[in-house]
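>>> Got a predicted structure here, sequence first:
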Number of protein chains: 2
Amino acid sequence: MSASQLPAKSNAEAAPIAQFQRIKSSRAFDEIAAQIRTELSSGRLTVGNRLPSERALSEQFGVSRNTLREALRSLEHAGLIRLQKGARGGAFISQHSGEAIATGLMDMYHVGTIQPAQLTEARIWLESVVVREACRRATAADIEMLNRNIDEAQEARRRGDFAGRAERHIEFHRMLARLTDNPIMVIVMNGVLDVLTHFVQRIGEYDNSFVLPSRRRFMEYFAAGDAEAAVAEMESCLKRLQRSYMSRIQASEGVSATKAAPRSRRSPPAAQR
Amino acid sequence: MSASQLPAKSNAEAAPIAQFQRIKSSRAFDEIAAQIRTELSSGRLTVGNRLPSERALSEQFGVSRNTLREALRSLEHAGLIRLQKGARGGAFISQHSGEAIATGLMDMYHVGTIQPAQLTEARIWLESVVVREACRRATAADIEMLNRNIDEAQEARRRGDFAGRAERHIEFHRMLARLTDNPIMVIVMNGVLDVLTHFVQRIGEYDNSFVLPSRRRFMEYFAAGDAEAAVAEMESCLKRLQRSYMSRIQASEGVSATKAAPRSRRSPPAAQR
DNA sequence: CTCCCCATTTGGTCCTACCATTCTACATTT
DNA sequence: AAATGTAGAATGGTAGGACCAAATGGGGAG
C-alpha cells in the first residue's frame, strides 16, 4: 500500500501525524480509537503530541464530529488523551497516570465483583511483595520519610483526628509502593488502597490502636534491612486489621444492599407490557 | 504543596493555605456518568438492570442525546454497561470483566509508562503470590488441568508450533491466577499477561526449551503441596525467561529510544547487605 | 512599551433527521 | 390450530448543522 509517501511538510502547524484511514466496521468510533491506539503503540504519536482538532479529525476519518467525539471520549476515559479548549487547544497525548485502573477496581467493587474479604486478602498479598522490594531499595531518606509519616499519624491520633490518622496510614502504604519503583505495583496498589479507603469510610471507625506500635517495630526491621521480619510484622498487622474490618462489616451490613450473591444471573423480574 | 513559592506579585496577603476542592467538572456527561455510578454503588442499580433508552434518559437528565451518549460511552468503556441495539435493547448493567484494567495496563505499556523490564519484574513478584495461594487451594481436578496444559504445550513443541506453545505457557499462568479465587489477582494477572503476550509477539521467538522441564518439576512440588518449593521453581524459570527477553530486546531495539534511565536511588549510605 | 479588548480557534452542547438492527404482533398460509 | 412470513415499532449508531463558552494571540489604545 502507500507506504513511502513521505509528505515531510515542514509546516508542523497542527500535528506531524500520519494519515488516518477510512473506517469501516460497525461502531465507527471503536475503529477510530483503535487506529489512534495503533499510532500510539507504533510510536508515531508520543506523549505531548497534539492531535488535529475535532473538526479536522472528523474530516480525515470521514465521520461526523459526533462519532469522532465518542472515540475521543473513550480515549480520554482511558487516560490516553487530555482535551483542552481554546485556540491552541485540542487532544494531547497524555502521560496516563493509571487512574483508569483505579477507577476500574473501584467499579468492580461497586458492582460486587470484588468482595470486601477479597479486597483485604489481595491487599495483604500485594503488600508483602511491596514491603520486600521496598526494603531492598529504601534509602536513608526514604526511611526518614516513612518515620515522619508515622509521627504525623501519632500526632493525629493525639488530636483524636480519626480521619487524619487513617489517611496517614493509607499514605504509608502508598509510599512503600512507590519505593518499589515499579509502576505496575504503584498503580495497582494505589487502586486497591483507593477502594480500601472507600470501604473504610463506609464502615466507620474501628479499633486500630495496635497499628502505631506495629509500625514502629516494622520500621526497626525495615531500617535494618530485614525484609522478611518487616513483611511478617506488616502481615500480622494487616491481618488483625482485616479481622476488625470483617467484624464491623457484619455489624453494619444488616440494612444496606449487601450484594451478597457473587454472581447474579439475569434478574429483571418483570417489564412493562 | 508549593504554595509558598509564588513569585510575590503585589499580593500583600500571602494566600493562607486552604484545602480547595476541584470544581465539578463542568462537563455535563461527566456528571451524568457520576450520577449513574452513584446509583450503582448505592445498590439501586444492579447487574442485569436495564437503563431507559437514550432518548428517555436524555430527557430525564435534561441534556441532548449526544451528550448523554458520551456519558454512556464512558460507562461502556469502563465495562459497567453493555449497549444492545434493537427493540428491547438499551444499556444493561454488566458484570464488569475487568477488561478496562487490562486495557489500561496495555495503554501504559504502549505510551512507555511501563518498561519491559518493569513488566517482567512485576510479573515475577505477582506470580510468586499467585503460586503460593494457588498451591494452597488447588484440588486434584485443578492439578490435572494444569498437567493437561503442560501436555498440550509439549505436543505443540513437538509440532514446532511456537505460537501454540507460547499460548499454552501463558494460559498456564492464567489458570494459576484463577486458582487464587481472588478477582483482583485474576484481573491484574490477566492484564499483565496480556501485555506480556503482546511484548513476546513483538520480540519473536526465543529460547524457552527449559520451560517444560521446569513445569514438570513445578508440578511435582505443587501437587505435593510444597508451596515454597513451587514458588522457587517458578521464580527461577521466570527469571531465566526474563533474561531471554532482555537479551532479545537489546538485539531488536538497539537504536530505538529506550526512554529514560531507570531511576536509581541509593545515593545515601543506606541499608545494604 | 505596556495593557486591554476582541477576533479566532476549539471543545461542549443542542437539534433534527435518517439508517440498521432487533424484537413484537399481526396476518397469511398450510 | 400451528407454522410461517411480514410489517411496524423501539433503539442504538451516524450524519450534519448550529450555537455557546473558554482559551489564546494579536492588534489597537494608552
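Structure received.
>>> Next, work out how far apart residue A:206 and residue A:200 are.
Between residue A:206 and residue A:200 the computed distance is 8 Å (CB to CB, to the nearest Å). C-beta: built from backbone N, CA, C; applies to glycine.
>>> neighbour count winner among these two?
Higher neighbour count among residue A:206 and residue A:200: residue A:200, with 21 against 15, using other CB atoms under 10 Å in any protein chain shown.
>>> Test my guess that the more buried one contacts residue A:166.
Yes - assessed by CB atoms under 8 Å, residue A:200 is found in contact with residue A:166 at 6.2 Å.
>>> what residues are shared contacts of those two?
Residues touching both residue A:200 and residue A:166 (CB atoms under 8 Å, 6 or more residues apart in numbering or on different chains): none.
>>> what residues does the stretch 51-200 of chain A put near DNA strand D?
Proximity of the stretch 51-200 of chain A to DNA strand D is confined to A:62-67, A:70, A:84-89 under the rule CB under 7 Å from any atom of the strand.
>>> filter those residues to the buried ones?
With neighbours counted by 16 or more other CB atoms under 10 Å in any protein chain shown, those contain buried members at A:63, A:67, A:70.
>>> just checking, which of these belong to helices?
Cross-referencing these against helices under DSSP state H gives A:67, A:70.
>>> can you tell me which of the buried ones among the residues of the stretch 51-200 of chain A next to DNA strand D are up against chain B?
residue A:70 (CB under 8 Å from any CB of the partner chain).
>>> if I look at residue A:171, how far off is DNA strand D?
31 Å (CB to the nearest atom of the strand, to the nearest Å).
>>> and that residue, what is it in contact with?
Per CB under 8 Å, 6+ apart, neighbours of residue A:171: residue A:149.
>>> Which element, helix or strand, includes it?
Using DSSP states H and E, residue A:171 sits in helix A:162-179.
>>> buried residues in the strand or helix carrying residue A:188?
For residue A:188, the element it lies in under DSSP H and E is helix A:183-203. The neighbour-count check on helix A:183-203 (16+ other CB under 10 Å) flags A:183-196, A:199-200, A:203 as buried.
>>> can you redo the residues of the stretch 51-200 of chain A next to DNA strand D as a markdown table with pLDDT?
Shown next, in a markdown table, are those (pLDDT from 0 to 100):
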| residue | pLDDT |
| --- | --- |
| A:62 | 95 |
| A:63 | 96 |
| A:64 | 96 |
| A:65 | 96 |
| A:66 | 96 |
| A:67 | 96 |
| A:70 | 95 |
| A:84 | 92 |
| A:85 | 90 |
| A:86 | 87 |
| A:87 | 87 |
| A:88 | 87 |
| A:89 | 87 |
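>>> quick one, strands of the stretch 1-150 of chain A?
Using DSSP state E, counting those that start in this stretch, the strands of the stretch 1-150 of chain A run over residues A:50-51, A:81-84, A:90-93.
>>> Count the residues that sit near residue A:28.
Residue A:28: 19 neighbours (other CB under 10 Å).
>>> out of the buried ones among the residues of the stretch 51-200 of chain A next to DNA strand D, which one sits closest to chain B?
Nearest to chain B, judged by CB to the nearest CB, of those is residue A:70 at 4.8 Å.
>>> Tell me which residues touch the closest one, please.
Here residue A:70 is in contact with A:29, B:69-70, B:73 (criterion: CB under 8 Å, 6+ apart).
>>> now with 10 Å?
A:27-30, A:32-33, A:63-64, B:66, B:69-70, B:72-74, B:76-77 (CB atoms under 10 Å, 6 or more residues apart in numbering or on different chains).
>>> which of those lies closest to DNA strand C?
residue B:66 (4.0 Å; CB to the nearest atom of the strand).
>>> still on that earlier bit, how about a markdown table for the residues of the stretch 51-200 of chain A next to DNA strand D, with distance to DNA strand C added?
Conversion of those to a markdown table gives the following (distance: CB to the nearest atom of the strand, whole Å):
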| residue | distance to DNA strand C |
| --- | --- |
| A:62 | 16 |
| A:63 | 13 |
| A:64 | 9 |
| A:65 | 6 |
| A:66 | 6 |
| A:67 | 11 |
| A:70 | 10 |
| A:84 | 6 |
| A:85 | 4 |
| A:86 | 5 |
| A:87 | 4 |
| A:88 | 6 |
| A:89 | 4 |
